[in-house]
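[1] For reference, the sequence and a predicted model appear below.
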Amino acid sequence: MANGSGRPLSPHLQVYRLPLTAVMSITHRITGVGLAVGTLLLTWWLVAAAVGPDAFARAQGFIGSPIGLLFMFGWSVALYYHLCNGIRHLVWDAGKSFELTDADRNNKIVLGATAVLTVLTWIVGLAAW
Amino acid sequence: MASNSSKSSLRSPLAHARGLGSAKHGTEHWWGQRLTAIALVPLTVWFVFGVIGHLGADHAAFVAWMKSPFSAVMMILTAGVVFHHAHSGLQVVIEDYISAEWQKLAVLIAVKFVSFALAAACVLAVVKIFIGA
């Protein structure tokens, strides 16, 4: 690629198809930010329980409403993804699994574990509810 | 400073680095993020089971759960470590994506204040339920 100066250009993000490993890397950040927003609901839940039965019933009512369940589903996916991919980051921090073949395999493990844990949680959750 | 950093300077590399930041705490943030991440693995598992067990629970059932010393300690630990970890992560994201210095500083301070406030609210809520005030 030329840009007039004769120096190479880095891949253009709007036309470059990111490899799965790169997509999963940015997804880790996105899920992290999403989970940070979710701490607002955690705070509401705990504070409502401390305030009293009426406030707690309102918080539980929101969580059980269609929009609340949608948020809970999103947060459960984000939580399991961030947990599984976070463990993978800890493995990287330990200096392991840097080969491309490892990365490809671990992509599948993280995505598979996220799906299985999310589905299991909702089966158990809806049965217990 | 331009003359100090030029290649013709007679000052040693150490003299150039002095005063430009501490060399002793560079890994503190990174390490804190990892330690909280490790702590959150078991805490998250406990939390998920706790939430599933209290879906649609009434107030009395929730209070009974938080009256158990083990549950109260685990919830306080979870809230504390969650906000520490969330703050560490948000800080890195903010530092990476906000380039204007004053905006970066303003958002960093706001996120830090909100994180501390929410963590304090969560801890007080659990303590209040536990001691039955």
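    Done, it's in.

[2] Tell me the residues on chain B that lie near chain A, please.
    Residues of chain B found near chain A, taking CB under 8 Å from any CB of the partner chain as the criterion, are B:34, B:37-38, B:40-41, B:44, B:48, B:52-53, B:55-60, B:62-63, B:66, B:75, B:79, B:82-83, B:86, B:89-90, B:93, B:118, B:121-122, B:124-126, B:128-129. No exception for glycine: its C-beta is placed from N, CA and C like everyone else's.

[3] Mind giving me the ChimeraX command for buried ones among those residues?
    To isolate in ChimeraX the members of these that are buried, counting by 16 or more other CB atoms under 10 Å in any protein chain shown, one can use:
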select /B:34,37,40,44,48,52,55,57,59,62,63,66,75,79,82,83,86,89,90,93,118,122,125,126,128,129
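
[4] if I look at the residue most central in space within chain B, how far off is chain A?
    Centroid-nearest residue in chain B: B:His84, 1.6 Å away (criterion: CA atoms, centre = their mean). Counting by CB to the nearest CB, to the nearest Å, the gap from B:His84 to chain A is 11 Å.

[5] coming back round to it: from the residues of chain B next to chain A, which land in strands?
    Judged by DSSP state E, the residues of chain B next to chain A include no members of strands.

[6] how close does A:Leu46 sit to B:Val41?
    A:Leu46 sits 21 Å away from B:Val41, going by CB to CB, to the nearest Å.

[7] after the helix or strand of chain B with the lowest mean pLDDT, next one along is what?
    The helix or strand of chain B with the poorest confidence is helix B:2-5; it has a mean of 46 (mean pLDDT, DSSP states H and E). Going down the chain from helix B:2-5, the next helix or strand is helix B:13-17, by DSSP states H and E.

[8] Which elements pack onto that following helix?
    Applying 3 or more CB pairs under 8 Å, 6 or more residues apart in numbering or on different chains; DSSP states H and E, one finds that helix B:13-17 contacts helix B:2-5.

[9] All the helices of the chain, residue numbers only.
    Just so you know, I chose chain A. Counting by DSSP state H, chain A has helices at residues A:20-51, A:53-64, A:66-93, A:100-128.

[10] Let me rephrase: I mean chain B.
    Assigned by DSSP H, the helices in chain B fall at B:2-5, B:13-17, B:28-53, B:59-67, B:69-97, B:101-131.

[11] so where's chain B shaky on pLDDT?
    Residues of chain B that meet the criterion pLDDT under 70 lie in B:1-8, B:21-25, B:133.

[12] can you rerun that using 50?
    B:1-5 (pLDDT under 50).

[13] Repeat that for chain A.
    Applying pLDDT under 50 to chain A flags residues A:1.

[14] run the last query once more with 70
    With pLDDT under 70 as the threshold, chain A has low-confidence stretches at A:1-3.

[15] Enumerate the residues of it near chain B.
    By the criterion of CB under 8 Å from any CB, the positions of chain A lying close to chain B are A:29, A:32-33, A:35-36, A:39-40, A:42-43, A:46-47, A:49-50, A:52-53, A:56-57, A:60, A:63-64, A:79, A:83, A:86-87, A:89-90, A:93, A:121, A:124-125, A:128-129.

[16] Can you tell me which of those residues are buried?
    Buried residues within those, counting neighbours by 16+ other CB under 10 Å: A:29, A:32, A:35-36, A:39, A:42-43, A:46-47, A:49-50, A:56, A:60, A:63, A:79, A:83, A:86-87, A:89, A:121, A:125.
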